[in-house]
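**Student:** got a structure for you, letters missing:
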């Protein structure tokens, strides 16, 4: 008997719920991500300047340089030397829409769990040992939820300590999903 993703619907749902709960505990109880963000000494002036420019929501870079050929221009090079150099993420005005954001986070964990399940059905047989399922799903879960954050430190200036915390989150999510999958892994046909 071969497995399909549909055979894993229960661990997918349980893994999604457990990862979402772990995320909630990380952000509301442990709060170790609070130090990821730093306050500008002149926040009011910066906010006023950004508001005056009325930027659309999205990621904005400064100095703005869309093409590497522009880097040859001495004026552009001087703007980089003079600084500051950075990225600003502009979000819509108002309080964060927590219901929408929570729904998107649950969707993130659900799609991630489906991707993990897809890999698991390709690699594992029905009746696989608990620890074999746990190790495989935990590894794929970690990669699913974390590995892609590393380029944010490489290219976008995110502190490596922030990336390390997101990798820790990914490990936690991978492990709780692994526990759900290993516990509910289908038995071999008799």
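**Tutor:** On my side now, so go ahead. Values in this document were obtained by computation on a predicted structure and should not be read as measured data.
**Student:** and the gap between residue 167 and residue 149?
**Tutor:** Using CB to CB, to the nearest Å, residue 167 is found at 7 Å from residue 149. Just so you know, the C-beta spots here come from the backbone N, C-alpha and C atoms, and that holds for glycine as well.
**Student:** what sits up against the helix or strand containing residue 141?
**Tutor:** Assigned by DSSP states H and E, residue 141 falls within helix 130-146. Outside helix 130-146, the residues that touch it by CB atoms under 8 Å, 6 or more residues apart in numbering are 15, 19, 112, 115-116, 119-120, 123-124, 166-167, 169-171, 173-175, 177-179, 181-183, 185.
**Student:** what's the neighbour count on the closest residue to residue 184 other than its chain neighbours?
**Tutor:** Nearest residue to residue 184 in three dimensions, chain neighbours excluded: residue 11, at 4.3 Å (CB to CB, 6 or more residues apart in numbering). Residues near residue 11, counting by other CB atoms under 10 Å, number 26.
**Student:** now swap in residue 3 and tell me
**Tutor:** Counted with other CB under 10 Å, residues neighbouring residue 3 total 17.
**Student:** now do the SS call for residue 95.
**Tutor:** Following DSSP: H, G, I helix; E, B strand; the rest coil, residue 95 is assigned to coil.
**Student:** distance check, the residue nearest to residue 184 against residue 179.
**Tutor:** Applying CB to CB to residue 11 and residue 179 gives a distance of 9 Å.
**Student:** what about the helix or strand that contains the residue nearest to residue 184, average pLDDT?
**Tutor:** In this assignment (DSSP H and E), residue 11 forms part of helix 9-25. Averaging pLDDT along helix 9-25 gives 98.
**Student:** relative orientation of it and helix 130-146 in degrees?
**Tutor:** Angle of helix 9-25 versus helix 130-146, following axes from the mean of the first three to the mean of the last three CA atoms, to 10 degrees, is 50 degrees.
**Student:** quick one: list the elements packing against helix 9-25.
**Tutor:** In terms of contacts (3 or more CB pairs under 8 Å, 6 or more residues apart in numbering; DSSP states H and E), helix 9-25 is packed against helix 98-123, helix 160-183.
**Student:** which strands and helices lie in contact with the longest one?
**Tutor:** Taking 3+ CB pairs under 8 Å, 6+ apart as the contact definition, the neighbouring helices and strands of helix 98-123 are helix 9-25, helix 130-146, helix 160-183.
**Student:** how about these, which one is nearest residue 69?
**Tutor:** Smallest distance to residue 69 across the helices and strands packed on helix 98-123 (CB to CB): 30.3 Å, for helix 160-183.
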